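[1] after the sequence you'll find the predicted model.
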Amino acid sequence: MTWEIIDSERRSDWTSWIKQIPQATVYQQWGWGDFKGGSGGGTLRLVARTKTGVPVGLAQAFVRKMPGGMKFIWIPGGPLCLNGDVSSDLMAALVRDLEKAVGRCYLRCNFMEPLNDANNSDLAKYMSRPAVRMLSGYSVFLDLNDNEDLWLKKMEKKHRYYVRHSRKNNIEWQYGNDDNILRSLADLSEILVRDKGLNFSLFSYEQLVELRRHLADSVKVIVGRFEGEPITAAMVLTQSNRGHYSTAATTGRGRDMNAAYAMLAELRIRLRNDGITLLDFGGIAPRDKSCQGVNHFKLGFGGEVVEYLGEWEAGSRLARFLGNLAVRIKRGGMG
């Protein structure tokens, strides 16, 4: 098989192919590539074809420069296979054809389907686990098909209490992605970063507008207001019937009211109405004690803890050394 780079004239084909893949995430949408490609590097879209020309795989890759002319290639949420799991043969062909296109490179992929013995052992024939990971590799999947009574029953007792109690606060909800909603999310994010003394930034208003421009209705934001003041908000990015919990922020006043619990309950209803049946909560790190607060919040809603197939790398020994060094210096900075 051979991987070929396609241009913008094939965007509609790409979108059609993505819709055929149940495990596809927003991070392989064409619009995500346009959004991230504008932040310091190039974006490549590649299609794998058999000798008869049948498409069998997709990969949206972000290219960054490393020392010595080597390229760091990052594929979030993929590559994807149109007819099953991604195989080691498919990945070997991808590395070969990437090197033909861009020269010496280090490849790192983050597969976001659940880990199992079969897909793990097959990838291990050609690829290896990186020494330094960018992401935790774990998530919580919430089945939005559950009716509310069943969902509440699955929750931890305290979470169930917080949901019911915080709903009594008469919080007003806005849902969508218009300018006012995006502005509220950006303002809340700025407040959270300042109040918590975080050493990283969340989405600015300008970035959210740009994200909406590229992803359109795949951007879904909920904002909770109390007495006219925004106190909690979250953004979900969607692909087909799957949503990925991307970012959230709650003010001190909102935390006093446990508003994030009511927000999640309301968000669940809105997403269901939009045809989203799975919420990938993302962002848990069960083995990291510094993440206990986030882990407790997300795990308490009764979802299924999932270990992703996760991060894999390929390249020469030097490429792997440089790639892991780059990640260590700027963890998570590749998209």
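    Received the coordinates, thanks.
[2] switch to C-alpha atoms for all contacts and neighbour counts from now on
    Fine.
[3] what's in contact with the helix or strand Leu264 falls within?
    Leu264 belongs to helix 259-273 when assigned by DSSP states H and E. With CA atoms under 8 Å, 6 or more residues apart in numbering as the test, helix 259-273 has contacts from 144-145, 159, 162-164, 166-167, 173, 175, 222-224, 231-233, 250, 254, 277.
[4] narrow these to those in helices?
    His159, Tyr162, Val163, Arg164, Ser166, Gly254 (DSSP state H).
[5] list just the nearest of those to Lys298.
    Using CA to CA, the shortest approach to Lys298 within the ones in helices among the contacts of helix 259-273 belongs to His159, at 9.8 Å.
[6] what's the burial count for the closest one?
    His159 has 21 neighbours, counted by other CA atoms under 10 Å.
[7] and the nearest residue to it once chain neighbours are set aside, what are its phi and psi?
    Setting aside the residues directly before and after it, His159 is nearest to Gly300 in space (CA to CA, 6 or more residues apart in numbering), at 6.1 Å. When read as degrees, to the nearest 10, the backbone of Gly300 gives phi -70, psi -10.
[8] report the mean confidence score over the strand or helix carrying Leu309.
    Using DSSP H and E, Leu309 falls within strand 304-314. Strand 304-314 carries an average pLDDT of 94.
[9] for Gly77, see how far away the spatially most central residue of the chain is.
    Nearest to the mean C-alpha position of the chain, by CA atoms, centre = their mean, lies His244 at 5.7 Å. Using CA to CA, to the nearest Å, His244 is found at 11 Å from Gly77.
[10] please enumerate the shared neighbours of the two.
    Thr25, Val26.
[11] now do the contacts for Leu144.
    Contacts here follow CA under 8 Å, 6+ apart; on that basis Leu144 touches Arg268, Arg272, Ile276, Thr277, Leu278, Leu279.
[12] closest to Arg133 among those?
    For these, the nearest to Arg133 is Leu279 (23.5 Å; CA to CA).
[13] the closest one contacts Arg242, correct?
    Yes. Leu279 is within contact range of Arg242, at 6.1 Å (criterion: CA atoms under 8 Å).
[14] let's have the contacts of Leu144 in a markdown table, adding pLDDT and neighbour count.
    Formatted as a markdown table, those follow (pLDDT from 0 to 100; neighbours: other CA atoms under 10 Å):
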| residue | pLDDT | neighbour count |
| --- | --- | --- |
| Arg268 | 96 | 21 |
| Arg272 | 96 | 17 |
| Ile276 | 96 | 20 |
| Thr277 | 96 | 19 |
| Leu278 | 95 | 20 |
| Leu279 | 96 | 23 |
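[15] Gln23: which of the residues you listed is nearest?
    Checking those one by one against Gln23 (CA to CA), the nearest turns out to be Leu278, at 11.0 Å.
[16] Trp14 is in what secondary structure piece?
    helix 11-19.
[17] how far off centre is the helix or strand just after that helix?
    Proceeding N to C from helix 11-19, the next assigned helix or strand is helix 30-37, under DSSP H and E. Distance of helix 30-37 from its chain centroid, counting by CA atoms, centre = their mean, to the nearest Å, is 13 Å.
[18] before we move on, what about stretch 158-168?
    28 Å.
[19] buried residues of that stretch, list them for me.
    Under the neighbour-count criterion of 16 or more other CA atoms under 10 Å, stretch 158-168 has His159, Arg160, Tyr162, Val163, Ser166, Arg167 buried.
[20] closest to Lys125 among those?
    His159 (43.0 Å).
[21] the closest one contacts Lys298, correct?
    No. Look at His159 against Lys298 with CA under 8 Å: they stay out of range, at 9.8 Å.
[22] would you mind measuring the gap between the ends of stretch 65-75?
    15 Å.
[23] name all residues that make contact with the residue nearest to His159.
    Met155, Glu156, His159.
[24] residues contacting the first one?
    Met155 makes contact with Gly300, Phe301, Gly302, according to CA under 8 Å, 6+ apart.
[25] got the phi and psi for it?
    Dihedral angles (degrees, to the nearest 10) for Met155: phi -70, psi 160.
[26] pretty sure Arg45 contacts Arg10?
    No. Applying CA under 8 Å as the test, Arg45 and Arg10 come out as separate, 9.7 Å apart.
[27] between those two, who's got more neighbours?
    The neighbour comparison of Arg45 against Arg10 (other CA under 10 Å) goes to Arg45, with 21 against 11.
[28] which helix or strand contains the more buried one?
    Assigned by DSSP H and E, Arg45 belongs to strand 42-49.
[29] and that strand, what does it pack onto?
    Strand 42-49 is packed against strand 2-6, helix 30-37, strand 55-65, with contacts defined by 3 or more CA pairs under 8 Å, 6 or more residues apart in numbering; DSSP states H and E.
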